[in-house]
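> Just the structure for this:
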Amino acid sequence: MKAEQRSEALMSYQARLSASPKYDPERQFALKKRVFDTFDALLRHRGHPGLVQGTRLLDIGSADGALVSVCKAHGLDAVGLDAADGLDFETDALPLADASQDVITSVSVIEHLRVPNMMLGEARRILRPGGVIILVTPNWKYSWRNFYDDPTHFHPYTPLSLRKELLNHGFSSPYVVPWIVKKPAWMWDLKYAFEFAWWGLPFRGDAPAFVPEFLKGRSGTILAMATKV
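From the prediction side, this is the model:
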């Protein structure tokens, strides 16, 4: 499939998702606020200032822009880039200057790329020294049954393979943990954190309101961050 066809297929798929009730703008803003809080907690847990006012943030694969809107509402200098902007993250340079961003986020994007070399290389280029990239992607260990139910998925990852991918592209100190939203930071440092996120939290985060919050958050997804030195 050519680059133009890939971009068109991805945009078409996203458009159908966006039209569903699940992607109501108010609901998406509320969900992305939880994502924002989790990213902020992750950065602070790893000794970074967090998503403080004035932070320059790029969201790669920004879709409807909900995360960017949340970031701006918190005083960040945030921008999003997506296929709808005419970009193919496998082949295109990003239209941002070298060392211009403090944080780059990319949620559920890297698994859509056959080869992530351009995206990760461009991310490293535009991060300032000491800047951080944050990725979220399915964990093949738990998603293999339905990973390819999404026809735009191409490349699955495990925690180890994603760690190696980040190291291979010049990032340092990769921290690869389960994607658990708004949970205590100590859960990321458990010896069997991925197993706990899958088996120890019996309900998904969108479980009914009567389910206690401490039982919610079951996840088969990877959260990774790494630093540009």
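
> Please enumerate the helices of the chain.
With DSSP state H as the criterion, the chain has helices at 3-18, 25-45, 66-73, 117-126, 140-143, 159-168, 193-195.

> I would like the residues contacting stretch 87-99, please.
Stretch 87-99 is contacted from outside by 3-4, 6-7, 58, 60-61, 79, 81, 83, 109, 113-116, 118-119, 122-123, 125-129, 131, using CB atoms under 8 Å, 6 or more residues apart in numbering. Bear in mind the C-beta positions are built from the backbone N, C-alpha and C, glycine included.

> Quick one: distance of it to the chain centre.
17 Å (CA atoms, centre = their mean, to the nearest Å).

> quick one on the thing from earlier: including mean pLDDT, could the helices of the chain go into TSV?
As requested, the helices of the chain are arranged in TSV below (pLDDT from 0 to 100):
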stretch	mean pLDDT
helix 3-18	61
helix 25-45	94
helix 66-73	97
helix 117-126	98
helix 140-143	97
helix 159-168	98
helix 193-195	97
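
> Need the single longest strand in the protein, by residues.
Determined from DSSP state E, the single longest strand within the chain is strand 127-138.

> That strand - contacts with which helices or strands?
helix 25-45, strand 101-107, helix 117-126, helix 159-168, strand 221-228 (3 or more CB pairs under 8 Å, 6 or more residues apart in numbering; DSSP states H and E).

> Number of residues surrounding the nearest residue to Val109 once chain neighbours are set aside?
Excluding the flanking residues, the one nearest Val109 by CB to CB, 6 or more residues apart in numbering is Gly61, at 3.5 Å. Neighbours of Gly61 under the rule other CB atoms under 10 Å: 22.

> what does Arg46 give?
15.

> Tyr175 now?
Neighbours of Tyr175 (other CB under 10 Å): 18.

> From Gly217, how far off is it?
19 Å (CB to CB, to the nearest Å).

> Repeat that for Leu113.
27 Å.

> For Ser172, give the beta-bridge partners.
Thr227 (DSSP bridges).

> wait, what's in contact with it?
226-229.

> just Leu67 next, same as before
Leu67 neighbours (CB under 8 Å, 6+ apart): 32, 35-36, 59, 78, 80, 105, 107.
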